[in-house]
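Colleague: Model the following, please.
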Amino acid sequence: MVEKLKVDLSHKIKRLEILSKRLVKTTLVGDYRGRIKGRGLDFDRFREYTTSDDASLIDWKVSVRINKSVIKEFVEERNLDVFLLIDVSSSMVFGSTAKLKNEYATELASALSFAILNAGDSLGYGFVSDNMFNAVLPKNKRSLFYELSKALVNPEIYGGNYNMEGALSECIRALRKNSILIVISDFIGLRGDWHEALKKAAYKFDVIGIMIRDPRDKEIPEDSDMIIIADPFTEKQIILDPNPKVRQKYRDFVYEQEKEISNAFSKSRASLLSLTTDQPFIVPLISFFKKRQRKKWSR
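Modeller: Numbering: from 1, shown residues only. Predicted structure coming up:
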């Protein structure tokens with residue numbers, strides 16, 4: 001049986017709204033606008049300079065290279081489609097800190113959705129377990145913040161395996177090219193040819209992965225006695241003596257797993273942010289946006 005969210009559902013939506021507005025009043029919306037999408041003018045093409053053009057618009061580096069005076073032309077950047085793909089599989093219903101992973105993901109997704117809609121972009125979302133279900137295609141509707149938040153605090157949506165490959169394939173089919181696809185997940189229970197699905201998705205979209213882990217996903221505490229480790233998908237259990245050798249093997253396993261995920265995103269030219277539930281997400285999220293922007297302008 002899936003563990004329920006440790007929240008009073010009748011008050012959660014209001015709390016999410018207050019939290020999201022507070023984050024918006026800091027720098028989240030500004031950094032979303034500037035770092036993810038770069039609102040303003042987008043470069044379109046080069047064209048040959050004419051006497052009616054402003055000479056300050058000449059790109060001298062390109063002009064010297066091709067031995068012809070050319071200027072850059074820009075077009076007004078269009079509002080974007082942003083789709084949140086949120087993991088609701090069994091492994092997300094776990095926590096050793098004040099928040100379960102799905103509670104932490106709920107607050108993160110709500111804050112992002114508030115920022116996206118306040119920036120004037122279109123928001124869509126879908127939930128991933130065995131399949132992607134209840135997918136809502138991107139729309140510019142303020143009510144989507146409440147619809148998404150209400151859905152995420154419903155304990156009945158949680159449980160099952162994690163079919164990232166299938167969900168990404170569904171996104172490729174349903175979403176428009178150049179959409180921003182944000183995958184919020186612990187990336188535990190990956191199966192199938194998800195590497196190839198990620199590569200295909202990143203070719204069509206700007207893909208951002210946000211990996212949410214609990215500290216116990218990464219490390220067995222040193223002061224533990226005999227512990228029981230359970231598979232969140234099969235519910236099989238084993239009893240372990242967490243001696244130093246066992247703890248190191250567990251640490252090595254997690255390191256290799258996270259390295260594989262990081263490498264898959266890097267090879268696909270997608271971005272990945274790692275968060276843990278014992279730390280607030282706002283500062284690392286903004287730092288992540290800034291780092292993405294620096295990479296964008298250095299290309």
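
Colleague: From now on I want contacts and neighbour counts done on CA atoms only, so please keep to that.
Modeller: Fine.

Colleague: Check the gap between the residue lying farthest from the centre of the chain and Leu57 for me.
Modeller: With Cα atoms, centre = their mean as the measure, the chain has its most outlying C-alpha, relative to the mean C-alpha position, at Thr51: 47.3 Å. Thr51 sits 12 Å away from Leu57, taking Cα to Cα, to the nearest Å as the criterion.

Colleague: which residues of the protein score low on pLDDT?
Modeller: Counting by pLDDT under 70, the ranges of the chain that qualify are 1-44, 52, 73-78, 133, 223-224, 226, 228-232, 234-235, 240-241, 293-299.

Colleague: partner residues bridging Glu48?
Modeller: On DSSP bridges, the residues paired with Glu48 through beta bridges are Val70.

Colleague: Contacts only, for it.
Modeller: Residues in contact with Glu48 (Cα atoms under 8 Å, 6 or more residues apart in numbering) are 68-71.

Colleague: which SS state does Lys291 fall under?
Modeller: In the three-state summary, Lys291 is assigned as helix, counting by DSSP: H, G, I helix; E, B strand; the rest coil.

Colleague: Count residues in the vicinity of Met56, would you?
Modeller: Quick fix: residue 56 is Ser, not Met. Burial of Ser56, expressed as a neighbour count using other Cα atoms under 10 Å, amounts to 8.

Colleague: where does it land in three-state SS?
Modeller: Look at Ser56: counting by three-state DSSP, its state is helix.

Colleague: still on that earlier bit, list buried residues within the contacts of Glu48.
Modeller: When burial is judged by neighbour count using 16 or more other Cα atoms under 10 Å, the buried members of those are 69-71.

Colleague: between those residues, which is nearest Asn161?
Modeller: Nearest to Asn161 among those: Ile71, at 53.0 Å, using Cα to Cα.

Colleague: Do you have the strands of the stretch 1-150 of the chain handy? List them.
Modeller: Under the criterion DSSP state E, counting those that start in this stretch, strands of the stretch 1-150 of the chain are mapped to 41-48, 70-76, 81-87, 122-128, 132-139.

Colleague: and among those, the most buried is which?
Modeller: Comparing those on average neighbours per residue, with mean count of other Cα atoms under 10 Å, the densest one is strand 81-87 at a mean of 26.
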